[in-house]
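3D model of this:
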Amino acid sequence: AGSERRGDSLYHSKERQKESAEINASLFALKECVRARASNSSRVPFRNHNLTRLLRESFERDGARLCIIAAVSPNATDTEHSVETLRFATAIVGTDGQICEGETRIVVPVMKTFESKDILSPKQWDHGQLKRFLERVKLSRVKLTEKHDGRVLMKMSVQQMRSQLFDDKDSEQAK
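You can find the predicted model right below:
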């Protein structure tokens, strides 16, 4: 959904900011309808938004069920967004008793497994660890200086990385 955080939307165009506001308005209307339905309210405010008008039958019909799918990202840089997504989904669903998990899948590791204490977040990498990682993923021509470590790199935008870490001829390697 649209991000309301100033830092995230700082570089968004007016059109994208308007789209984000519309998405958030539709999600708010949906949440209000679900809450009214869950509390057996006599009035479900489905007329507050076009999305909830489309879903009117689901709010009025007895026995109607709701499925919420919350998509989260495994990237460390997206942790805040993933937590907010889960908070929103929980707020819509309500109590923990109403939350059910999907089918459990077993993931078979294809590489050597590590103890959790051996795994560092990229934000915790020092200059040497970052340099070794870039060499391992065939990005050894990146122009790293001693000031570049994992924390600094994780704060950079893609444009900043391209301008600071790659020559013009190597910028295709960054894409």
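
C-alpha only now, for contacts and for neighbours.
Fine.

can you give me the helices in this protein?
With helices called from DSSP state H, the chain shows them at 6-9, 14-38, 50-54, 56-60, 79-93, 127-136, 150-155, 158-165.

Using a markdown table, lay out the ones you listed together with mean pLDDT and distance to Ser121.
Below are the helices of the chain laid out as a markdown table (pLDDT from 0 to 100; distance: least, CA to CA, whole Å):
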| stretch | mean pLDDT | distance to Ser121 |
| --- | --- | --- |
| helix 6-9 | 62 | 21 |
| helix 14-38 | 83 | 30 |
| helix 50-54 | 88 | 39 |
| helix 56-60 | 82 | 43 |
| helix 79-93 | 78 | 12 |
| helix 127-136 | 84 | 11 |
| helix 150-155 | 84 | 8 |
| helix 158-165 | 82 | 19 |
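
In TSV: those, plus mean neighbour count and distance to Ile119.
Output for those, formatted as TSV (neighbours: other CA atoms under 10 Å; distance: least, CA to CA, whole Å):
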stretch	mean neighbour count	distance to Ile119
helix 6-9	10	28
helix 14-38	17	35
helix 50-54	16	43
helix 56-60	16	45
helix 79-93	15	17
helix 127-136	15	12
helix 150-155	16	14
helix 158-165	14	24
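
Cys67 is nearest to which of those?
Across the helices of the chain, Cys67 has its closest neighbour in helix 79-93 (9.0 Å, CA to CA).

Return the list of helices and strands in contact with the closest one.
helix 14-38 (3 or more CA pairs under 8 Å, 6 or more residues apart in numbering; DSSP states H and E).

Run through the neighbouring helices and strands of the helix it packs on.
helix 50-54, helix 56-60, helix 79-93.

out of those, which comes closest to Ala25?
Ala25 lies closest, by CA to CA, to one member of the helices and strands packed on helix 14-38: helix 50-54, at 9.8 Å.

for the closest one, packing partners?
Judged by 3+ CA pairs under 8 Å, 6+ apart, the packing partners of helix 50-54 are helix 14-38.

go again using 6 Å as the cut-off
When contacts are defined as 3 or more CA pairs under 6 Å, 6 or more residues apart in numbering; DSSP states H and E, helix 50-54 packs onto no helix or strand at all.
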